[in-house]
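Asks: Take this sequence and fold it.
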Amino acid sequence: MTSSNEPVVDTERILPQEVQADLKALFAAVPHKVPVYLFSRKEESQAGIQTAVRLMRAFQEVTDKIEFKEYDLSHRQAKKWNVSRSPTLVFDPARYKIHYLGVPLGEEGRTLVETMILIGLRASQVNEETRKVLKKLDGPRQVRVFVSPTCPYCPQQAVNAVKAAIERPDLVSVEIVDTSFNPDLTEKYSAFSVPQTYANEVFIAKGAQPMELFAASLERMEEQTYFIPESEAKQVQADVVVIGGGPAGLTAGIYAARSGLKTVIIERDTLGGQVATTPVVENYPGLARIGGKTLVDIMVAHALEYVQVFPREAVLDITLGDPIQIRSTLRSFTARAVLFATGASNRKLGVPGEDRLAGRGVSYCSTCDGPLFKGRKVAIVGGGDSAVTEALHLRHIGADVTLIHRRDSLRAQEYLVKNVRENGIPVLYNTEVREIKGQEKVQQVVVYNNRTKKTDSLPLEGVFVSVGYTPEVELARKIGVDLTPDGYIKNDGRHRTNLPGIYSAGDVEGGYKQIVTAAGAGAGAAITLFEDLSHPYWKDPDRGR
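Replies: Residues are numbered from 1 along each chain as shown. Predicted coordinates for the structure are as follows:
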């Protein structure tokens, strides 16, 4: 309560009577005191600062749980608690690192109330799935959430950050930045649309997220658009197990589940496969231009409406029978059918120095590693759509890129070839890489011209390999699935393999290596699966295939 020398606060004007009643009820259930400190420059005499004082005094009139003090920004406590801006509210600094840069007015009043309630409870109130994700944080996270008092979505994201700071006070610190009080920070971070969230100076989210997605974005340090809860089940029963979470597997999962088949998808690596690392997709029907990861996020979010997905989980072996037994790195599955949608992995050049310098200048993903080579001389090895797309991507991010291709013309689409010419990207035709040299990192590449028969050396700092893919068929081969002469899974044209109950779809079957054809193959395989599981051809000799 206010002392005799404190200003009298017109509580009714700051907090309407019905709000006061609600607040009294809320804080009555709070067991702990809530220390709040306001730091400001007194000489500025900002109206906003005075409003902040009146607001906090009004809260003190409502409840004795709030301990409020004012400090000048020059006070030693400001340095102790890393406060450098006026005005700043600091919440329970003995336990948490939660600062509000500005005055929580308008919609942000909700942020203030929820923050004080959570601190008074000394509990984040996150669910168990979120808690598991936050436990996986591998280092400090300095979070900045940009908000405005007129934004109805900002409190949700701001409170997400507060909950993370309360759950992991050892690693998470939070600054909620009111854009109206901090125009310089708003300009610096281009936070002209709120809420926006950064962690360790890295953008991790635009807009308000469910708490689980916020935690996942914080843990992975990039924006997440879907959340897959971890499963503790040791045994999973399904009608269909799809191995592979690329376009073929995701589409198959959707179609199979919509047919009434209980379907699960297991993916050992990145959901979306090669598409997730494609900078830009420009030939997917209905989407003239879209980032590969964005397209994958849309597909995964759609699939999650129908199927259970088990990410970062590898299938170890399959035992044929009725049912089929599948064992992964984390659990076992039973199924009536298995669909291989395992895709294909990057093919290597197989030259000296490639493996030794992998990750030290040799790369298979320009999206992942390209920014590290801005302003540096690099080469893309290959001549197909992927190679040319990656060359254009590297050129656009500022790398000095050259294409190396063993044939006398590029195999990419004419539209892409035209872009190469227009961007002035040099192409070394009839040229093969024979060796990649360097001590600690790539320094030069030995090339051979198969027309002139001459060998030369190129000074380079990076080599991006894009020479096609090797189908992921080892598991299929292990259980006796027939392969084509090129090493792809052999099927009957309707995605059936030589083994009853075992199917295939997508790049693992060969074909055009396009997203749309892989998705189409996944849909086709799911339809065949439904028909076969309704009337198994292997149990009806008269029906045949």
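Asks: My read is that A518 contacts A505, right?
Replies: Yes - under the criterion of C-beta atoms under 8 Å, A518 makes contact with A505 at 7.4 Å. Bear in mind the C-beta positions are built from the backbone N, C-alpha and C, glycine included.
Asks: Looking at the two, which is more packed in?
Replies: Between A518 and A505, counted using other C-beta atoms under 10 Å, the more crowded position is A505 (33 against 30).
Asks: Would you mind listing the buried residues in the helix or strand where L213 lies?
Replies: For L213, the element it lies in under DSSP states H and E is helix 211-220. For helix 211-220, burial by neighbour count (16 or more other C-beta atoms under 10 Å) applies to 211-219.
Asks: With pLDDT and distance to E129 added, can I get those residues in JSON lines?
Replies: Below are these laid out as JSON lines (pLDDT from 0 to 100; distance: C-beta to C-beta, whole Å):
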{"residue": "M211", "pLDDT": "95", "distance to E129": "9"}
{"residue": "E212", "pLDDT": "93", "distance to E129": "6"}
{"residue": "L213", "pLDDT": "92", "distance to E129": "11"}
{"residue": "F214", "pLDDT": "96", "distance to E129": "12"}
{"residue": "A215", "pLDDT": "96", "distance to E129": "8"}
{"residue": "A216", "pLDDT": "94", "distance to E129": "10"}
{"residue": "S217", "pLDDT": "95", "distance to E129": "14"}
{"residue": "L218", "pLDDT": "97", "distance to E129": "14"}
{"residue": "E219", "pLDDT": "96", "distance to E129": "12"}
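Asks: Out of the residues you listed, which two sit at the greatest distance?
Replies: Put simply, by C-beta to C-beta the two of the buried residues of helix 211-220 set farthest apart are M211 and E219, 12.5 Å from each other.
Asks: related to what we said a few turns ago, who touches both of A518 and A505?
Replies: A248 (C-beta atoms under 8 Å, 6 or more residues apart in numbering).
Asks: for the chain, where's the lowest mean pLDDT among helices and strands?
Replies: Of all helical and strand segments in the chain, the minimum by mean pLDDT, DSSP states H and E falls on helix 11-14, at a mean of 56.
Asks: helix or strand right after it?
Replies: helix 17-28.
Asks: With only the CA atoms kept, save that next one in PDB.
Replies: Taking C-alpha atoms only, helix 17-28 is exported to PDB below (Å, rounded to 0.1, in the frame of the first residue of the first chain):
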ATOM      1  CA  GLN A  17     -13.700  -1.200 -10.900                       C
ATOM      2  CA  GLU A  18     -14.600  -4.500 -12.600                       C
ATOM      3  CA  VAL A  19     -11.000  -5.000 -13.500                       C
ATOM      4  CA  GLN A  20      -9.900  -4.400  -9.900                       C
ATOM      5  CA  ALA A  21     -12.300  -7.100  -8.800                       C
ATOM      6  CA  ASP A  22     -10.800  -9.600 -11.300                       C
ATOM      7  CA  LEU A  23      -7.300  -8.700 -10.300                       C
ATOM      8  CA  LYS A  24      -8.000  -9.100  -6.600                       C
ATOM      9  CA  ALA A  25      -9.300 -12.600  -7.300                       C
ATOM     10  CA  LEU A  26      -6.300 -13.500  -9.500                       C
ATOM     11  CA  PHE A  27      -3.700 -12.200  -7.000                       C
ATOM     12  CA  ALA A  28      -5.500 -13.800  -4.100                       C
END
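Asks: need the contact list for the closest residue to I290 other than its chain neighbours.
Replies: Leaving aside its chain neighbours, I290 sits nearest to V281 (5.3 Å; criterion: C-beta to C-beta, 6 or more residues apart in numbering). V281 makes contact with 275, 287, 289-292, 295, 515, according to C-beta under 8 Å, 6+ apart.
Asks: ok, of those residues, which one's closest to W81?
Replies: G291 (39.9 Å).
Asks: That closest one: what's it in contact with?
Replies: 279-281.
Asks: Low-confidence bits of the protein, can you list those?
Replies: Applying pLDDT under 70 to the chain flags the ranges 1-13, 43-47, 368, 541-545.
Asks: Mind splitting it into its structural domains?
Replies: As recorded under automatic domain parsing, the domains making up the chain are 11-220, 236-345+470-539, 362-467.
Asks: so how far is stretch 365-380 from its chain's centroid?
Replies: 21 Å (C-alpha atoms, centre = their mean, to the nearest Å).
Asks: What are the buried residues along that stretch?
Replies: In stretch 365-380, counting by 16+ other C-beta under 10 Å, buried: 365-367, 369-370, 373, 376, 378-380.
Asks: Mind checking which of those residues land in strands?
Replies: 378-380 (DSSP state E).
Asks: for the residue nearest the centre of the chain, what are its contacts?
Replies: In the chain, the C-alpha nearest the mean C-alpha coordinate belongs to Q224, at 4.1 Å (C-alpha atoms, centre = their mean). By C-beta under 8 Å, 6+ apart, Q224 lies in contact with 205, 209, 213, 216-217.
Asks: In CSV: those residues, plus distance to P35.
Replies: Formatted as CSV, the contacts of Q224 follow (distance: C-beta to C-beta, whole Å):
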residue, distance to P35
A205, 29
Q209, 29
L213, 31
A216, 31
S217, 29
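Asks: Nearest to G244 among the residues you listed?
Replies: Nearest member of those to G244, counting by C-beta to C-beta, is A216, at 21.9 Å.
Asks: Against A337, how distant is that closest one?
Replies: Distance from A216 to A337, counting by C-beta to C-beta, to the nearest Å: 31 Å.
Asks: E61 too?
Replies: In terms of C-beta to C-beta, E61 sits 67 Å off from A337.
Asks: could you pull out the helices for the stretch 351-500 of the chain?
Replies: Assigned by DSSP state H, counting those that start in this stretch, the stretch 351-500 of the chain shows helices spanning 366-369, 385-396, 414-422, 474-478.
Asks: ranking those by burial, who's on top?
Replies: Most buried of the helices of the stretch 351-500 of the chain by mean neighbour count (mean count of other C-beta atoms under 10 Å) is helix 385-396; its value is a mean of 23.
Asks: Do I have it right that Q77 meets Y71?
Replies: Yes - here Q77 reaches Y71: they are 5.6 Å apart, a contact under C-beta under 8 Å.
Asks: Pick out whichever of those two has more residues nearby.
Replies: Y71 (18 against 15).
Asks: For my notes, confirm that one occurs in a strand.
Replies: Yes - according to DSSP: H, G, I helix; E, B strand; the rest coil, Y71 belongs to a strand.
Asks: who's in contact with it?
Replies: Going by C-beta under 8 Å, 6+ apart, the list of residues near Y71 reads 37-40, 77-78.
Asks: how does it look with 7 Å?
Replies: Contacts for Y71 (C-beta atoms under 7 Å, 6 or more residues apart in numbering) come out as 37, 39, 77-78.
Asks: Quick check: strands, which of those residues are part of them?
Replies: 37, 39.
Asks: got the ones in strands among the buried residues of stretch 365-380 as JSON lines, with distance to A476 columns?
Replies: Converted to JSON lines, those look like this (distance: C-beta to C-beta, whole Å):
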{"residue": "V378", "distance to A476": "36"}
{"residue": "A379", "distance to A476": "34"}
{"residue": "I380", "distance to A476": "31"}
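Asks: Now do A523 against T263, distance only.
Replies: For A523 relative to T263 (C-beta to C-beta), the value is 13 Å.
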